[in-house]
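Asker: next come a sequence and a model predicted from it.
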Amino acid sequence: MIKTTVSNKEIWRIAYPIMLGNLAQTIITFTDTAFLGHLGTIELSASMMAGLYYYVFTTLAMGFAVGIQIFIARRFGEGDLKKIGVVFQHGALFVLGLGILLFSILFFFSHRLLHIIIESENIYAAAGEYLRFRQFGIMFVVFNFLFRSFYVGISNTKVITFSTIIMAVVNIFFDWALIYGKFGLPEMGIGGAALASLMAEITAFCFFWIYTYFTIPHEEYGMFRWHKWQPALMGDILKVAFPSMIQRLFSFGAWFIFFVMIEKMGEMAIGVSSVVRSTYMILIIPGFAFAATANTLTSRIIGEGKSDEVMSMLWKVVKNSVLCASALVLVTFIVPELILHIYTDDVALAQAAVPSVYVIAVATLVSAVGMVFFEAVSGTGNTTAAMALEFGVLILYMFYIYLMTKTSTIAGVWTAEWLYNALMGVISFLYIWKADWRRKRI
């Protein structure tokens, strides 16, 4: 194994801003959960179910953005900067159409679908109120994913930090103001949380456009100019992006079904899982950040003609990922009740959630390894292999969840995260180690 020339400093330079960027959607979930948890279990559970339903639709844009990121990172590694703007323009036109399609589905079919999915009438009614405002955010989220992929691809991720801070401030302020009716604004409850999230997404969208226009050299990167439509290029992008889109749709779709199954176990079960899920999303932020770093560095290194350094680089990323995740896990093990009381005043709910929090703390360490190797598979350009890999793992994952919801406790159901992350890590490692991916061209 050839030693990588990528330093720990370079890894952290890319990963740290992505960590903050991943906080963007997580902060929305965190603040919504924290504020709504003090209203009641129904509002808490409804915001989670409606939020997850909404995120299933955003995964298509997320998956497409991964494909764009791989292309941009490869062109960046090759030093062909002018083509980056061409790729970005094609991506922007695609996500515009995708956003319109996804919004149409959300607007016309959501109430019917949610009624089929959610068993509790109380949770269904509150989820509908949440989605009534949140669905409009899809048109802005698709572009936010595109911009993040651009900045990660060119290894200039500090802008993601700025966008995250802006989103956090906007979301927290309007959560407080609109949920509880502060500063002369109406008291909207769960609808206020959704409207605050929408405003945060719109603000991030405006920031990305303005920042990019004034800071990125237009001529050098071929940005903000019309490029001739290239069907062949769009086809090449989709060859890489489409499997990633489907893979993420499978992944988040399974995640949504996970909670649908838990909802059938009762309102307390879904309430517990709401606070556990929000805690878990905070814990795995470092893992996601280092995984995205592994993706872009894998693509860039291959573009630089240094394929033999990939495995060495990945182990270095894994070490940093585990080290960072361990700090959060340690805090979680020491004071789980303190963390849970951020989300709810219900002592019984918080105590019931503690065993599940211990389970996800262990899952966090496993995912810190597994996600890095899995994203490296996509970074090689073979997103079809990544899709097939995840699809196979998800079949086992869903079967395991079904069995556990019938025979075990909530904490037992959450051990499915151990299985999922362990399988993803082992199979992805074997692919990077043994498969013939070095000759893949994109």
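Answerer: Alright, I've got the coordinates. Numbers count the residues shown, from 1 in each chain.

Asker: what's the helix or strand for the nearest residue to residue 252 once chain neighbours are set aside?
Answerer: Nearest residue to residue 252, sequence neighbours excluded (Cβ to Cβ, 6 or more residues apart in numbering): residue 59, at 4.3 Å. Quick note: C-beta positions are derived from backbone N, CA and C, even for glycine. Using DSSP states H and E, the element containing residue 59 is helix 41-78.

Asker: how about that helix: buried residues?
Answerer: Neighbour counts using 16 or more other Cβ atoms under 10 Å place 41-77 of helix 41-78 among the buried residues.

Asker: compute the inter-axis angle for the very next helix or strand once past that helix and helix 41-78.
Answerer: As assigned by DSSP H and E, the chain's next helix or strand after helix 41-78 is helix 82-117. Angle of helix 82-117 versus helix 41-78, following axes from the mean of the first three to the mean of the last three Cα atoms, to 10 degrees, is 160 degrees.

Asker: quick one: mean pLDDT for helix 82-117?
Answerer: Across helix 82-117, pLDDT averages out at 91.

Asker: who are the packing partners of it?
Answerer: If you count contacts as 3 or more Cβ pairs under 8 Å, 6 or more residues apart in numbering; DSSP states H and E, helix 82-117 packs onto helix 41-78, helix 121-134, helix 138-153, helix 218-221, helix 231-263.

Asker: would you reformat the ones you listed as JSON lines and include distance to residue 340 and mean pLDDT?
Answerer: Output for the helices and strands packed on helix 82-117, formatted as JSON lines (distance: least, Cβ to Cβ, whole Å; pLDDT from 0 to 100):
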{"stretch": "helix 41-78", "distance to residue 340": "12", "mean pLDDT": "83"}
{"stretch": "helix 121-134", "distance to residue 340": "20", "mean pLDDT": "88"}
{"stretch": "helix 138-153", "distance to residue 340": "29", "mean pLDDT": "91"}
{"stretch": "helix 218-221", "distance to residue 340": "46", "mean pLDDT": "84"}
{"stretch": "helix 231-263", "distance to residue 340": "17", "mean pLDDT": "84"}
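
Asker: dump those helices to JSON lines, plus distance to residue 403.
Answerer: Formatted as JSON lines, the helices and strands packed on helix 82-117 follow (distance: least, Cβ to Cβ, whole Å):
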{"stretch": "helix 41-78", "distance to residue 403": "22"}
{"stretch": "helix 121-134", "distance to residue 403": "24"}
{"stretch": "helix 138-153", "distance to residue 403": "34"}
{"stretch": "helix 218-221", "distance to residue 403": "51"}
{"stretch": "helix 231-263", "distance to residue 403": "11"}
